[in-house]
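J.: my questions are about this predicted structure, shown below with the sequence.
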Amino acid sequence: MTTTTLSTPTSSQTLPPRVASRAWGWARRQLFPSPLQALLSMATLILSGWFAYVALDWLVFSATFVGTSQADCTGDGACWLPITQRLGLFVYGFYPETQRWRVDIAFALAAGVFPLLYIKRIDRRWTLAYLVLLPFAMWWLLKGGPGLPDISSTRFAGILVTVFLGVVGMVFALPIGILLALGRRSKKPVIRVLSVLYIELIRSVPVITLLFMASLMIQLFLPSGWNLDILLRVLAVLVLFTAAYMAETVRGGLQGMPKGQYEAAAALGFSYWKAMGLIILPQVLRNTIPPLLTQFVGLFKETTLVMVVGVLDVVGIAMSTTSTPEWIGRENEVYLFLALFFFAICFALSRYARYLERQLEKSRQ
Amino acid sequence: MSKPTPVTADSTVVRIEHLNKWYGDYHALKDISLTVSAGERIVVCGPSGSGKSTLIRCINQLEKHQRGTIEVLGETLDDNIKRLERIRRSVGMCFQHFNLFPHLTVLENCTLPQTANLHAPQAEAIERALTLLDKVQMRDHANKYPGQLSGGQQQRIAIARALCMRPRVMLFDEPTSALDPEMIAEVLEVMVDLAQEGMTMICVTHEMGFAKKVADRVVFMDGGEVIEHAPPARFFQFPESSRTRRFLDQILDHGVSA
Ligand SMILES: Nc1ncnc2c1ncn2[C@@H]1O[C@H](COP(=O)(O)OP(=O)(O)OP(=O)(O)O)[C@@H](O)[C@H]1O
Ligand SMILES: [Mg+2]
């Protein structure tokens, strides 16, 4: 540190006081304002440094990444072989190997949503069309249909299931949530009561109960001989569940709109649906993107519950891995991998929500 | 009913008869009758809470009335929402707080109502919007957002937006009372121009200079009733009611001291 706050009297009268380098100044102010605080800060720094070292050592430096079986795990650190050896299973589940390119394309299509949302120059109508077509394209690619051989749902497992449920769930939940929110504010009593009932009922039942009901009870209501794919059934539950929560967020946004916006639209002769679609909802959605994204994060994590009705998502594959004799005793690594997987995606989503929130704050100023 | 509405023989644009309106138990409008012919300029004034906004908002049914009839361009206002939407397209309105759409640019604010509600082709809508923005001297700001503009500028855009719909009558609800003094003139100027072009106008305003200059009739309201209804010359010099006199004294005094 060559910078100093001490300066000769002459220079201090003509020049502004020289500021020490920013990092050092910050450290001095925040970490070492007094001897006791300095001591505490040092202790904390040393402790977390030591902890980071131990963790990194176990995770990376002393860990085993190459090999084929438990026997290769000779180091003191983590043994990542159950992941690397079964990566195909984790990602594609039991999907036939020759058809895995279909999954790859489906993943790429799902990932394509992000650049679409980020790039502002793209016409909103294109983004909308992409989002509407995405679920159908994914279903066609993954499940099969015209031009593609059918793949049994029992072969769907792993990240494939998680991503499918997450992405398709998101695309369907928002429009249904919007309709419910509008229904709840409708002037027509029947529509209003039905919306309120639906929202409140769904919100007061744990999603796991709904999943059990979907796996068992829906069959009772369908005509005999009909069999709705189990994947679609759990998807429906996740969508209907998330939609009820989104409806409340959107309703909050609708209530927050100044009355003048509704009145100006009405005075210019906009019909209800045109006013909503062109004037009110674009503003409401822009304002509620951050909380809606938070709900998407919730939905993504809730997809893991489908395991209880026998759909093997990425957690299901992890559990089957830990119970294979070959990889027994490696639970720590497997669950850590799971945690990292979810953390990476959810963290990215919440950072994105935060970024949008800041953009909004800026545009409000 | 789908034909363009013919102006009635006596060219009445708005006919209000025995209008009564309640907010809950509160009797906000008491038996009001008022007829406005094409090209007439009416100024409505009165103390706060006297029902001026309520009256003007009944004309395009932003407020529903309970008793009496309102006829606009020969059609009686009732529960037929499709007809109401059609009538609203011929009735322009400007609000105290402008109510521009903040997520749209100035130009889009003016074109969207045309394309969405009049099915105007985009190019035609833009041309008309630019012409009217030019008229209110806001053409240079066409690509800005409302949040970037001053109150006076926003109100002039709101007037242009309403004019884009080719209204047969314009309603103004205190268009200058949310503005800083130096911006009031620029908005009044636009309104005077509009009046001189022969636009039918019903204005709630406390700008008595404006009333003297352009009004054909001044309506004074108090407590939900029309107290006085006269041409400006008579209204300002020989008000009949003591309530009118008191009101005029108050706001004219204020006008001098301000
Ligand atoms: N939505 C409403 N619900 C209940 N009462 C209302 C409502 N709107 C207006 N009122 C009441 O009706 C009366 C007339 O209101 P209005 O807004 O028409 O007055 P105004 O003459 O426009 O007053 P100002 O000059 O303050 O705008 C007031 O006493 C007001 O409190
Ligand atoms: Mg008012």
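T.: Received the coordinates, thanks. Ligands and ions are numbered 1, 2, ... in the order given.
J.: any regions of the chain where pLDDT drops low?
T.: Just going to use chain A. Low-confidence segments of chain A, defined by pLDDT under 70: A:1-20, A:120, A:224-225, A:363-365.
J.: meant chain B, my bad for not saying
T.: B:1-10, B:254-258.
J.: list, one by one, the residues from it near ligand 1.
T.: With Cβ under 6 Å from any ligand atom as the criterion, chain B comes near ligand 1 at residues B:Tyr23, B:Tyr26, B:Ala28, B:Gly46, B:Ser48, B:Gly49, B:Ser50, B:Gly51, B:Lys52, B:Ser53, B:Thr54. C-beta coordinates here come from the backbone N, C-alpha and C atoms, glycine included.
J.: just those: which are in strands?
T.: Among the residues of chain B next to ligand 1, the members found in strands (DSSP state E) are B:Tyr23, B:Tyr26, B:Ala28.
J.: return a ChimeraX selection command for the buried portion of those.
T.: Those of these that count as buried under 16 or more other Cβ atoms under 10 Å in any protein chain shown are selected in ChimeraX with:
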select /B:28
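J.: could you dump the ones in strands among the residues of chain B next to ligand 1 to TSV with distance to A:Arg203?
T.: Output for those, formatted as TSV (distance: Cβ to Cβ, whole Å):
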residue	distance to A:Arg203
B:Tyr23	34
B:Tyr26	37
B:Ala28	39
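J.: out of the ones in strands among the residues of chain B next to ligand 1, which touch chain A?
T.: Taking Cβ under 8 Å from any Cβ of the partner chain as the test, chain A is in contact with none of those.
J.: which of the residues of chain B next to ligand 1 are buried?
T.: For those, buried by 16+ other Cβ under 10 Å: B:Ala28, B:Gly46, B:Ser50, B:Gly51, B:Lys52, B:Ser53, B:Thr54.
J.: circling back to that earlier point, so which of the residues of chain B next to ligand 1 comes closest to A:Ile199?
T.: B:Tyr23 (30.1 Å; Cβ to Cβ).
J.: gap between the closest one and chain A?
T.: Distance, B:Tyr23 to chain A, using Cβ to the nearest Cβ, to the nearest Å: 15 Å.
J.: what about the residue nearest to A:Val163 when sequence neighbours are not counted, distance to chain B?
T.: If the residues on either side of it in the chain are set aside, A:Val163 comes closest to A:Ala110, at 5.8 Å by Cβ to Cβ, 6 or more residues apart in numbering or on different chains. Per Cβ to the nearest Cβ, A:Ala110 is found 28 Å from chain B.
J.: was I right about A:Phe300 contacting A:Gly166?
T.: Yes - counting by Cβ atoms under 8 Å, A:Phe300 touches A:Gly166, with 4.4 Å between them.
J.: and A:Ala108, how many neighbours does it have?
T.: Counted with other Cβ atoms under 10 Å in any protein chain shown, residues neighbouring A:Ala108 total 9.
J.: off-centre distance for the strand or helix carrying it?
T.: Using DSSP states H and E, A:Ala108 sits within helix A:100-111. On the basis of Cα atoms, centre = their mean, to the nearest Å, helix A:100-111 sits 18 Å off its chain's mean C-alpha point.
J.: give me every residue that touches the most centrally placed residue in chain B.
T.: Centroid check for chain B by Cα atoms, centre = their mean gives B:Leu171 as the closest residue, at 1.5 Å. With contact taken as Cβ atoms under 8 Å, 6 or more residues apart in numbering or on different chains, B:Leu171 is in contact with B:Ile56, B:Ile59, B:Asn60, B:Val91, B:Gly92, B:Met93, B:Cys94, B:Met201, B:Ile202, B:Cys203.
J.: just the ones of the residues you listed in helices?
T.: Among these, the members falling in helices (DSSP state H) are B:Ile56, B:Ile59.
J.: the contacts of B:Leu171 in strands, which ones?
T.: Short answer: the contacts of B:Leu171 in strands (DSSP E) are B:Val91, B:Gly92, B:Met93, B:Cys94, B:Met201, B:Ile202, B:Cys203.
J.: distance of the third one from A:Met246?
T.: If I follow you right, that is B:Met93. 34 Å (Cβ to Cβ, to the nearest Å).
J.: same question for the second one.
T.: Counting by Cβ to Cβ, the gap from B:Gly92 to A:Met246 is 37 Å.
J.: same deal with the fourth one?
T.: According to Cβ to Cβ, B:Cys94 and A:Met246 sit 36 Å apart.
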